[in-house]
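# Have a look at this fold, sequence not included:
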């Protein structure tokens, strides 16, 4: 059901300029939004798009001017307001009911050990397996092909998408999401090399994902050899990320795709790692550190630092180095020319 712009402005805490009676049905990007859709501009770099926009309304910050033919909803954080508008107009993803439901929300084609505990409101789809001693809280969705190992503990309102795996003795808090193909708690990469051969070190630790963690597709979080690997509350991963054994990641971190973190690393809160960042083992990264894409972090990083490059250095220096190295062939030719001139003189 749609909402008028006036209703949306009240719901989002925005001030309205324009036609408050216009009905908005959905949200859309600024280049494609139509007359019954709401869009947003949060970055001044994109304000030029407003001149060609056909949206019924736009969420903007106070420092952005809106053309008079577009209704504006002005607020301090347009991106977050847009998120709330999407929820108000379109809601969250709806999960299907299990095929062959046995009347309890569990498919007859799922395999659930008699000693496992599954709380009310949890849906378990075909060909999911829940092993002995596992506990699953209320309101979870366990999709086809999921394997939940022995003595795993899963909190309330978790979503495990198809073919995700949680190995034995691991713990997931409330509202944790695992996307397809992700593995939690496989053996850490631990070997003792003796006389030229690599001998496996048994991995007897565990993995703990705290509340509101979301892990993208085809990620791996290794169990510790002893103790725990821990992902702090509210931390979000994109796809194809590997976390080594015994690592501790603080709350509300953001990791972009293809990040690799070795074992026994400690990261603080609100750390942001760009795509393809690599982190060496046994180091500490402070709070609110930001690493540019493809950074190679090989030593301790103090809190509040922005870094880039491999090995990682202050971000501004890394950018200047990248610019200087963008045409090394021309620089080489100029140096050779100068060398020949010096030799002639």
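Cool, the structure landed. Here the structure is a predicted model, which is why all the values come from computation and not from measurement. Numbering: from 1, shown residues only.
# what ranges do the helices span in the protein?
When secondary structure is read from DSSP state H, the chain shows helices at 5-12, 78-90, 315-324, 328-344.
# in the third one, what counts as buried?
So that's helix 315-324. Buried positions in helix 315-324, judged by neighbour count with 16 or more other CB atoms under 10 Å: 315, 318. For every residue, glycine as well, the C-beta is placed using N, CA and C.
# That one vs helix 328-344, what angle?
Helix 315-324 and helix 328-344 are oriented at 70 degrees to each other (axes from the mean of the first three to the mean of the last three CA atoms, to 10 degrees).
# same question, the shortest one
For helix 5-12 and helix 328-344, the angle between their directions (the same axes, to 10 degrees) works out to 70 degrees.
# what's in contact with stretch 7-25?
2-6, 35-38, 56-57, 59, 66, 70-75, 81, 84-85, 88-89 (CB atoms under 8 Å, 6 or more residues apart in numbering).
# In strands only, show me these.
Secondary structure defined by DSSP state E assigns 3, 4, 37, 38, 57, 59, 71, 72, 73, 74 of the contacts of stretch 7-25 to strands.
# Return the closest of those with respect to residue 245.
Distance ranking of the ones in strands among the contacts of stretch 7-25 against residue 245, using CB to CB, places residue 59 first at 43.5 Å.
# The closest one: how many residues sit nearby?
Each residue near residue 59 was counted by other CB atoms under 10 Å, and the total is 29.
# Use 539 as the first number from now on
Done: numbering now begins at 539, and the last item shifts to residue 597.
# Looks like it contacts residue 620 (just checking).
Yes - if you go by CB atoms under 8 Å, residue 597 and residue 620 touch, sitting 5.3 Å apart.
# hey, what's in contact with both of those two?
Taking CB under 8 Å, 6+ apart as the contact criterion, the residues that touch both residue 597 and residue 620 are 576, 577, 578, 580.
# quick one: low-confidence ranges for the stretch 539-688 of the chain?
Scanning the stretch 539-688 of the chain for pLDDT under 70 picks out no residues.
# go again using 80 as the cut-off
Low-confidence segments of the stretch 539-688 of the chain (pLDDT under 80): 539.
# What subset of the contacts of stretch 545-563 is buried?
Neighbour-count burial (16+ other CB under 10 Å) is assigned, among the contacts of stretch 545-563, to 541-544, 575-576, 594-595, 597, 604, 608-613, 619, 622-623, 626-627.
# Need the phi and psi values for the nearest residue to residue 588 once chain neighbours are set aside.
Across the structure, with CB to CB, 6 or more residues apart in numbering as the measure, the residue nearest residue 588 apart from its sequence neighbours is residue 605 (5.6 Å). Listed backbone geometry of residue 605 is phi -60, psi 150, with angles given as degrees, to the nearest 10.
# check contacts around residue 605.
Neighbouring residues of residue 605 by CB under 8 Å, 6+ apart: 588, 589, 591.
# any idea how far it is from residue 736?
Distance of residue 605 to residue 736, given as CB to CB, to the nearest Å: 65 Å.
# same question, residue 827
Applying CB to CB, the value for residue 827 to residue 736 is 33 Å.
# again, but for residue 776
Counting by CB to CB, the separation of residue 776 from residue 736 is 31 Å.
# For the two, work out which one has more neighbours and name it.
Neighbour tally, residue 776 and residue 736, criterion other CB under 10 Å: the higher count belongs to residue 776, 19 against 10.
# In CSV: the helices of the chain, plus distance to residue 793.
Supplementary listing: these in CSV, determined by distance: least, CB to CB, whole Å:
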stretch, distance to residue 793
helix 543-550, 29
helix 616-628, 20
helix 853-862, 17
helix 866-882, 31
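# Figure out which of the ones you listed is closest to residue 804.
When these are ranked by distance to residue 804, counting by CB to CB, first place goes to helix 853-862 at 21.4 Å.
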